[in-house]
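Asker: fold the following for me, if possible:
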Amino acid sequence: MPRSEDNLYACISQFRRPDKLQEHFAEHMEWLREQDSRGHVVVTGASLPLGSGGVQIFAAANMKEMEAIIASDPLSKHGVAANWIFEIQMNKQPDRSRLMDHFFGTEFAAANAV
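Answerer: As a prediction, this is how the structure comes out:
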């Protein structure tokens, strides 16, 4: 689960080598699971049309850490995807947004306690 003190980042990925996607996709999915277990993943998904790229929201301490996380993605390392990273400043109203209330709320934390 993301830490409340982390910053949020949107990462837009565009596949530059879609012909190599299947070759590295399983490794990418394992990488996503690892990032999730480290508390960096807020939400991930594919861009439409399928096969064009992806959109992820990650939590990280700062931009340097976020860049290192994305650089460790097998799709980045093998030149399959190009990435654009944007830091997100959450709106104060509505307070933190429903998505963040879900991830940082006590109900979610209790349901996902180890």
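
Asker: may I have the secondary structure class of Glu67?
Answerer: Three-state assignment for Glu67 (DSSP: H, G, I helix; E, B strand; the rest coil): helix.

Asker: please apply the same query to the one 3 residues further on.
Answerer: Following three-state DSSP, the label given to Ile70 is helix.

Asker: what's the neighbour count on the residue nearest to it when sequence neighbours are not counted?
Answerer: Leaving aside its sequence neighbours, Ile70 sits nearest to Asn83 (Cβ to Cβ, 6 or more residues apart in numbering; 5.1 Å). Placement of C-beta: from N, CA and C, glycine included. For Asn83, the neighbour count with other Cβ atoms under 10 Å is 17.

Asker: surely Asn83 is in a strand?
Answerer: Yes: counting by three-state DSSP, Asn83 falls inside a strand.

Asker: that one reaches Ala10, doesn't it?
Answerer: No: assessed by Cβ atoms under 8 Å, Asn83 is found out of contact with Ala10, at 10.5 Å.

Asker: what helices or strands is the helix ranked longest in the chain leaning on?
Answerer: Secondary structure of the chain per DSSP state H: the longest helix is helix 21-37. Judged by 3 or more Cβ pairs under 8 Å, 6 or more residues apart in numbering; DSSP states H and E, helix 21-37 is in contact with strand 41-46, helix 74-77.

Asker: export these to JSON lines and tack on distance to Val55 and mean pLDDT?
Answerer: JSON lines is the format used below for the helices and strands packed on helix 21-37 (distance: least, Cβ to Cβ, whole Å; pLDDT from 0 to 100):
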{"stretch": "strand 41-46", "distance to Val55": "6", "mean pLDDT": "91"}
{"stretch": "helix 74-77", "distance to Val55": "13", "mean pLDDT": "97"}
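
Asker: deepest-packed of the ones you listed, please.
Answerer: Across the helices and strands packed on helix 21-37, the average number of neighbours (mean count of other Cβ atoms under 10 Å) peaks for helix 74-77, which reaches a mean of 18.

Asker: residues in contact with that one?
Answerer: Helix 74-77 is touched from outside by Ser13, Phe15, Leu21, His24, Glu27, His28, Trp31, Ile70, Ala71, Val80, Ala81, Asn83, with contacts defined as Cβ atoms under 8 Å, 6 or more residues apart in numbering.
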